[in-house]
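Student: Here is a sequence with its predicted model. Questions after.
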Amino acid sequence: MSKIEIKNLTVDYIEKKKSFTALKDVSFSIEEGEFVSVIGSSGCGKSTLLSILEGINTATDGEILINGKPVTGTGADRGVVFQHYSLFPWMTARKNVAFGIKQVNKTASRAERYQLADEFLQKVGLEQFKNKYPSQLSGGMQQRVAIARALAMDTDILLMDEPFGAIDAKNRTILQELLLELWENATPRKTVVFVTHDIDEAILLSDKIVMMTANPGRVYREIRVPFDRPRNRAELVQTKDYTKFRNELLAMFYSDIVSKIGGEEVVL
Amino acid sequence: MNIQTKTVAAPANEIENNKESSTTKAEFFRRYFRVVHALFAVLILIQFIPDQLPTETYASYVIWFAVGVEVLTLVVSAFIKKPKSLNLFVDIVAFIYGLLIAWTLATAKFNILKPALFPPPGKVFWQFIGDYDKILTNIQSSAGIILQGYLLAIAVAIPLGLFLGWSARLGSAATYISKFLGAIPPIVYIPYGIALLPTFRSVSVFVIFLATFWPVLAGTMSGVMNVEKKTIDSAKVLNVNKFTMLFSVILPASLQQIFIGCNQGLTVSFVLLTSAEMIGAQSGLGYYIKNYSDFGDYTRTIVGLIVVGIVIVAISFLFNRIQKFLLRWKQ
């Protein structure tokens, strides 16, 4: 049994009295401890898919099973990192992490929660900033706190919705490597669903890449990433295999788009 | 001390611009040599002009008050770090001095204004000290009513607003109902309150309760309804229960708008209470003013006006401090 099974998922929105299909018959599965990236151009429904996994949205048809049980709402088995606003602005970095811990571990005392929060803030390199409010932190630092919170909650599954999408290139690289290191070194490894539109990010991090196409959102291809772990970006990007694999992916990515330009309207 | 200050105060700007003087010296002059001290000296000196009034003018009370304020100003000048805050403080003091100078000259010294309606400042200070106990009792009476009605209203309106706002987010009639009830000016409840309740005090508390309740309820509800969906989603994915959602997430997220309601309630409460006290009370600051002006005692009327001003400024100051502290996470 797979950790997560997505079965014939269809989502219709009604916007201004017009029905709009965000996802059409999406099916794939994710194994325990697997890092899966969902990639696609904007409007392909990848964030919609994730919001259903998170439990804050519901599907029109089809279902998602986690450990064989259908998802009906949010759950303590899933930790989430959004692109923006994951943190509560009125809580310091430490309180944000501790608040997350409290929701999954009701018995821990305040001191225990703070200690655990500090531990995870240290892992993401923010121990000196634990008493700062989110507004006093840079976007990259805020995402570090959000990751620390998601990891500190120690959920089986991590759902990440373009967590580095709004961060400058240099910091994005640093955060990708941080996430890679934290995930690879954890035992057991967490099951991760990572939404992105960045092909390099997807290759570096994932075991499997699910490529989606838009209008309506469907799974276009599932591609296994053939590189060994632990991965090192600097070494990896210099190999011929990497270049070849990346080019293949890019070709797929654009062939989908090109096939659509030819009559149908496409929003890029 | 004051005369020395006066003579050096005028060229303060030149000294400041003099590049040869060390920066610490310039800083010292900028801090202590100001127009305000010249005004202080003028205020003290004019007290020695012979009085034109037949009655006692209590000039010594003005002198003691001015000396007290001056000492405070010098102490504050030594401690305030930010030049902007120092300027603000000093400007306020300068305004008080200026007002007292004009007031002294127009009453005690040149007798331009009608003495019965415009007592000299010294007499007001003297009266203030004489009536100190009475004033304190009246402040207690007014503040007690306000606090009781106000706090009770906040304690009920905020939780209720959170619940109603939360359900209104899901689409309910609560918004419209509260808008209708909140649109009724609280003062019109007074006759009904008098019919319902036994004492002036209970009617006052009731009216202040209503005057605060609606704006706070409306502020809370609109705050809740304007909380960003992203914030709520962030909380939802943490799997919080309903209580945590309302009190640990929705409440702080809508705090700014709740404060707008609280502020409005506070202002209206003061207006209502002082008006009500002037009409029907046997105690309170409004009663103090109305009672003595009925007897033509305008010295005490002015004392009352000043005290009301001070009390409201003090409460607003405290309120702003609380607000700033609770919203310190906002930039």
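Tutor: Structure received.

Student: Please give me every residue in contact with residue 139.
Tutor: No chain specified, so I'll use chain A. With contact set as C-beta atoms under 8 Å, 6 or more residues apart in numbering or on different chains, A:Gly139 has these partners: A:166-167, A:171. No exception for glycine: its C-beta is placed from N, CA and C like everyone else's.

Student: I was thinking of chain B, sorry if that wasn't clear
Tutor: B:285, B:307, B:311.

Student: can you pick the most crowded of those?
Tutor: Neighbour counts for the contacts of B:Ile139 (other C-beta atoms under 10 Å in any protein chain shown) peak at B:Leu285, which has 25 neighbours.

Student: Could you check how far that one is from chain A?
Tutor: Counting by C-beta to the nearest C-beta, to the nearest Å, the gap from B:Leu285 to chain A is 37 Å.

Student: out of the contacts of A:Gly139, who's nearest B:Phe128?
Tutor: Minimum distance to B:Phe128 across the contacts of A:Gly139 is 60.4 Å, recorded for A:Ala166 (C-beta to C-beta).

Student: Give me the neighbour count for that closest one.
Tutor: 13.

Student: ok so it is a strand residue?
Tutor: No. Counting by DSSP: H, G, I helix; E, B strand; the rest coil, A:Ala166 is located in no strand; its state is coil.

Student: quick one, phi/psi of it?
Tutor: Dihedral pair for A:Ala166: phi -110, psi 20, per degrees, to the nearest 10.

Student: Please list all residues in contact with it.
Tutor: By C-beta under 8 Å, 6+ apart, the residues touching A:Ala166 are A:83-84, A:139.

Student: is it true that B:Ser283 touches B:Ile145?
Tutor: No. With contact defined as C-beta atoms under 8 Å, B:Ser283 does not reach B:Ile145; the gap is 9.5 Å.

Student: So between those two, which is more surrounded?
Tutor: With neighbours defined as other C-beta under 10 Å, B:Ser283 and B:Ile145 compare such that B:Ile145 has more, 25 against 19.

Student: in what helix or strand does that one lie?
Tutor: Taking DSSP states H and E as the definition, B:Ile145 sits inside helix B:132-169.

Student: how about that helix: buried residues?
Tutor: Using 16 or more other C-beta atoms under 10 Å in any protein chain shown as the test for burial, helix B:132-169 gives B:135, B:138-139, B:141-143, B:145-146, B:148-150, B:152-154, B:157-158, B:160-166, B:168-169.

Student: Look at the residue lying closest to A:Ile199 once chain neighbours are set aside and say how many residues are nearby.
Tutor: Leaving out its chain neighbours, the residue that sits closest to A:Ile199 by C-beta to C-beta, 6 or more residues apart in numbering or on different chains is A:Leu249, at 5.6 Å. Neighbour count for A:Leu249, taken as other C-beta under 10 Å: 20.

Student: Can you classify A:Leu249 as helix, strand or coil?
Tutor: What three-state DSSP gives for A:Leu249 is helix.

Student: ok, and what's touching the very next helix or strand once past the helix holding B:Ile145?
Tutor: Later in the chain than helix B:132-169, the nearest helix or strand by DSSP H and E is helix B:174-183. With C-beta under 8 Å, 6+ apart as the contact definition, helix B:174-183 has outside contacts at B:164-165, B:167-168, B:214-215, B:217-218, B:221, B:225.

Student: I'd like these laid out as TSV, including distance to chain A and pLDDT.
Tutor: Output for these, formatted as TSV (distance: C-beta to the nearest C-beta, whole Å; pLDDT from 0 to 100):
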residue	distance to chain A	pLDDT
B:Leu164	22	88
B:Gly165	17	88
B:Ser167	19	84
B:Ala168	20	75
B:Trp214	26	90
B:Pro215	23	90
B:Leu217	22	91
B:Ala218	22	88
B:Met221	19	90
B:Met225	18	89
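
Student: and which of the residues you listed is nearest to B:Leu45?
Tutor: Distances from B:Leu45 to the contacts of helix B:174-183, taken by C-beta to C-beta, are shortest for B:Pro215, at 49.4 Å.

Student: where's that closest one, which helix or strand?
Tutor: Secondary structure from DSSP H and E places B:Pro215 in helix B:200-225.

Student: Quick check: next helix or strand after that helix?
Tutor: Going down the chain from helix B:200-225, the next helix or strand is helix B:229-237, by DSSP H and E.

Student: Tell me which residues of that following helix come out buried.
Tutor: Across helix B:229-237, burial judged by 16+ other C-beta under 10 Å covers B:231-237.

Student: check contacts around the closest residue to B:Ile145 other than its chain neighbours.
Tutor: The shortest distance from B:Ile145 to any non-neighbouring residue, by C-beta to C-beta, 6+ apart, is to B:Ser204 (4.7 Å). Neighbour list for B:Ser204: B:145, B:149, B:273, B:276-277, B:281 [criterion: C-beta under 8 Å, 6+ apart].

Student: now for these, which pair is the farthest apart?
Tutor: Spatial extent of the contacts of B:Ser204 (C-beta to C-beta) is set by the pair B:Gly149 and B:Ala281 at 14.2 Å.

Student: who in chain B is up against chain A?
Tutor: Proximity of chain B to chain A, by C-beta under 8 Å from any C-beta of the partner chain, involves residues B:228, B:230-231, B:233-240, B:244, B:248-249, B:252-253, B:255, B:328-331.

Student: how about a cut-off of 6 Å?
Tutor: Taking C-beta under 6 Å from any C-beta of the partner chain as the measure of proximity, chain B contacts chain A at B:230, B:233-234, B:236-240, B:252, B:329, B:331.

Student: Pick the one among those closest to B:Pro115.
Tutor: Minimum distance to B:Pro115 across the residues of chain B next to chain A is 54.3 Å, recorded for B:Gln331 (C-beta to C-beta).

Student: So the closest one is in contact with A:Pro134, correct?
Tutor: No. Taking contacts as C-beta atoms under 6 Å, B:Gln331 lies outside contact range of A:Pro134: 10.1 Å.

Student: Which one's more surrounded, the two?
Tutor: A direct count of neighbours by other C-beta under 10 Å for B:Gln331 and A:Pro134 places A:Pro134 higher, at 22 against 8.

Student: what's near enough to touch the more buried one?
Tutor: When contacts are counted by C-beta atoms under 6 Å, 6 or more residues apart in numbering or on different chains, A:Pro134 touches A:87, A:89, A:142.

Student: Now do the second one against chain B, distance only.
Tutor: Between A:Pro89 and chain B the computed distance is 6 Å (C-beta to the nearest C-beta).

Student: okay, that residue: pLDDT?
Tutor: If you check A:Pro89, the pLDDT there is 94.

Student: In terms of helix, strand or coil, where does it fall?
Tutor: A:Pro89 - assigned by three-state DSSP - is coil.

Student: Next, count neighbours for it.
Tutor: 16.
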